[in-house]
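> Give me a 3D structure for the following:
(chains A and B)
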Amino acid sequence: MKANKLALAVAFAMLYAGAGTAMAGCPTKGVKELTGAGATFPYPLYSKMFSEYNKACGVKVNYQSIGSGGGIRQLQSQTVDFGASDGVMDDKQKSEAKGGNIIHVPTVAGAEAIIFNLPGIQSGKLKITPDVLADIYLKKINNWNDKRIAAINPGVKLPDVAIAVVHRSDGSGTTFIFTNYLSKVSSEWKSKVGSATSVNWPGDVGGKGNEGVANSVKQIPGAIGYVELAYAHQNKLPWAQLRNKAGKWMDPSLDGAAAAADQKDLPDNMEVVITDSSNPNAYPISGFTWLLIYENQRDPAKADAVAQLGWWMIHDGQKFATPLEYAPLKGAAVKKAEALLKKIKADNQIVLR
Amino acid sequence: MKDQSVTLASDRAAAIDVKLIHHDMHVTNLGDRLFYRATQGFALCVLLLAFLLVLDLFRGSWEAIQTFGLKFLVGTTWDPVTHQFGTLPTIIGTLVKALIALLLAVPISIGSAVFITFYVPKWLRPMISYPIELLAGIPSIVFGLWGLFIMVPVIRALQIWLKANFGWFFLFDGPAVYGVGVLAGSVILAIMITPIITAISRDILLTVPRPQIEGMLALGATKWEAIWQVALPYARVGLFGAVILGLGRAIGETMAVTMVGGNSFDLIHSLFDPVHSMASQIASEFTEATYSLYVSSLIYVGLVLFGITILISLGAQFLIRRMSKGQVAVFE
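Predicted structure coming up:
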């Protein structure tokens, strides 16, 4: 009798131990494969995360980086288990989603550097205020020695060179974040151009991808452009300092992006673009990238797998962010993301417990 | 001087008794019949594919056609935020880049073909032709990368020089310092279509009968006069066909043009302005086209591109027929 009780106790202990490892973010209902599609900005990170996830949980995640638009479309027609986007879905896109309500779970944040090509001026030595940046892109300021730029850069010798504005020719989440920032700091930009993954730019050259913009700025004297921070680092391109909402001059950095994400007034649905953040240490042009998941799932096993994947990505997966130059989620952002994942239901039952 | 023994291809086809094949069908063996049906099936597959492609283009662009109609072709605003789409700047961009590419490529290609055919000794011909054909096989994206990193700085230097010395001319009165733009796009297209035009022109010129040229030389013409006044007019239809093939490629070229074309939606005023071509516009925006009207408008651009290609092809066919009124070599 005693031996049987001991065996039973050991069995229970092993069961709980097994359940314990499952809580680390691996699917508990036997799903071995997931498919996702969407944003290209986080693709290097997701690629690393999913390969590590495979090692940790034996689950294969197939992610197609076809762009936020493609990811949203696939999710709307329910051909993938989750989507990924650098931009928030608008009402029309939400209404076209066949499976109902979609939650936006932020995974990491990124910063965008404003790069320029002015020989003799080093990285971080050029200051640009929000209104000047907007007016440059609106083609209202056309020369680098304009008095408005000179006024904020005393002591810097600005050359008599025309400003060549470089933007993205392809639609992109990077553009979405940049135009979102410009819309917040310039009412003229908001009414004339607006904010989207692709806009009607007032002028100049379009480069294909972050690498196209970086290359154009590198080659064209007097050029200005916006790229993800990683590209500015890797191409050793000089960037400008921007003034954030609190009045501080900031270099683009992962800490600045993380600070922008760690705001006091984050909405529960996390559908917020963290540009022009109120945090005093925030870098102004920062943005989240999100996983898009249906709140009400049809298949309980898949629902469990997707929720567990999301949980793992915002906890264990975060350690892969900084080496790849993404800003990990901190503080309030993680709590809100957890709350969102706990809303995922299948058959009216919450999946994550 | 016209050789009466050369007949038109259409005459030759008429000469074959097509009825004979059908008559033989009833008496020939199973193998022949199967072969006939199989090849018929393949031909029908190709026709069906073409038909379905056009059908799908219409289906995909239907929403945009209903919203914009033909105003799409003359609209100058491409604004995804306010849902306004018009593709005139890119139509002009595509056609201008293709035509300038032709202007640059045609003299070089046909000149090279003449040189290979008439001046190079026979044993040397393959050695010169081979590298040209190799150029034709280089992938578009490789051209694009080479163009962006190597060619564009050179074009930039050229543009700055042109603007400094001839800036009063409207074509050179533009943002020379970009490097990317109409000129860069045209030059890279010219480089890409030269091998095709050269290879086909060389084949055409090889079909010019020797007696024609020898007769001219016997009458006292110089070699240059013989080529210019006999060989080239004799081959004009085939050469024209080669040029049209090059034009077709130039209009549809995507990756290389996207990387060096400048990619802007404004109407161009000079050779240095950046502008999208229709193909580069679709390739650039398709992945992030986040709502159905946007996608539909891009497919509409594809339909317009297809329409332009067909128009050029039909126009070329018409001109070829006019030019063939005399008896000339036909490249089928």
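> Residue numbers of the stretch 101-250 of chain B in contact with chain A?
The stretch 101-250 of chain B has residues B:L148, B:F149, B:V152, B:P153, B:R156, B:P175, B:V177, B:Y178, B:G179, B:V180 near chain A, with proximity defined as Cβ under 8 Å from any Cβ of the partner chain. Placement of C-beta: from N, CA and C, glycine included.
> what's the pLDDT at the residue nearest to A:I224 when sequence neighbours are not counted?
Distance criterion Cβ to Cβ, 6 or more residues apart in numbering or on different chains; nearest residue to A:I224, sequence neighbours excluded, is A:F116 at 4.8 Å. Here the pLDDT value assigned to A:F116 is 95.
> What of B:M1?
Per-residue pLDDT puts B:M1 at 43.
> quick one, what contacts residue 278?
Because you didn't say which chain, this covers chain A. By Cβ atoms under 8 Å, 6 or more residues apart in numbering or on different chains, the residues touching A:S278 are A:K245, A:A246, A:Q263, A:K264, A:D265.
> um, chain B though
Under the criterion of Cβ under 8 Å, 6+ apart, the neighbours of B:M278 are B:T87, B:T90, B:I91, B:G93, B:T94, B:V301, B:G302, B:V304, B:L305.
> Adding neighbour count and secondary structure, write those residues out as JSON lines.
Output for those, formatted as JSON lines (neighbours: other Cβ atoms under 10 Å in any protein chain shown; DSSP: H, G, I helix; E, B strand; the rest coil):
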{"residue": "B:T87", "neighbour count": "27", "secondary structure": "coil"}
{"residue": "B:T90", "neighbour count": "26", "secondary structure": "helix"}
{"residue": "B:I91", "neighbour count": "19", "secondary structure": "helix"}
{"residue": "B:G93", "neighbour count": "31", "secondary structure": "helix"}
{"residue": "B:T94", "neighbour count": "29", "secondary structure": "helix"}
{"residue": "B:V301", "neighbour count": "26", "secondary structure": "helix"}
{"residue": "B:G302", "neighbour count": "19", "secondary structure": "helix"}
{"residue": "B:V304", "neighbour count": "19", "secondary structure": "helix"}
{"residue": "B:L305", "neighbour count": "22", "secondary structure": "helix"}
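> Pipe the residues you listed into TSV and attach pLDDT and distance to chain A per row.
Compiled in TSV, the contacts of B:M278 are given as follows (pLDDT from 0 to 100; distance: Cβ to the nearest Cβ, whole Å):
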residue	pLDDT	distance to chain A
B:T87	93	13
B:T90	94	12
B:I91	95	17
B:G93	94	12
B:T94	95	15
B:V301	95	14
B:G302	94	16
B:V304	94	19
B:L305	94	17
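> and A:F50, how many residues sit next to it?
Residues lying near A:F50 (other Cβ atoms under 10 Å in any protein chain shown) number 19.
> in a strand, that's where it is, yeah?
No: applying DSSP: H, G, I helix; E, B strand; the rest coil, one finds A:F50 to be helix, outside a strand.
> Tell me the spacing between it and chain B.
20 Å (Cβ to the nearest Cβ, to the nearest Å).
> where does chain A have low pLDDT?
Chain A contains residues with pLDDT under 70 at A:1-24, A:353.
> what residue lies at the spatial centre of it?
A:T289 (2.7 Å; Cα atoms, centre = their mean).
> Quick check: the gap between that residue and A:S183.
19 Å (Cβ to Cβ, to the nearest Å).
> Ok, B:A184 next?
32 Å.
> Excluding chain neighbours, what is closest to the residue of chain A found nearest chain B?
Taking Cβ to the nearest Cβ as the measure, chain A has A:G171 as its residue closest to chain B, at 2.6 Å. Counting by Cβ to Cβ, 6+ apart, B:E288 is the residue found nearest to A:G171 once chain neighbours are left out, at 2.6 Å.
> Now do the one you found, the pLDDT please.
Confidence at B:E288, expressed as pLDDT, is 77.
> and it, what does it touch?
Listed by Cβ under 8 Å, 6+ apart, the contact set of B:E288 reads A:G67, A:S68, A:G69, A:G70, A:D170, A:G171, A:S172, A:T197, A:S198.
> again, only this time at 6 Å
A:G67, A:S68, A:G69, A:G171, A:S172, A:T197, A:S198 (Cβ atoms under 6 Å, 6 or more residues apart in numbering or on different chains).
> still on that earlier bit, now which of the contacts of A:S278 would you call buried?
Buried subset of the contacts of A:S278 (neighbour count, 16 or more other Cβ atoms under 10 Å in any protein chain shown): A:K245, A:Q263.
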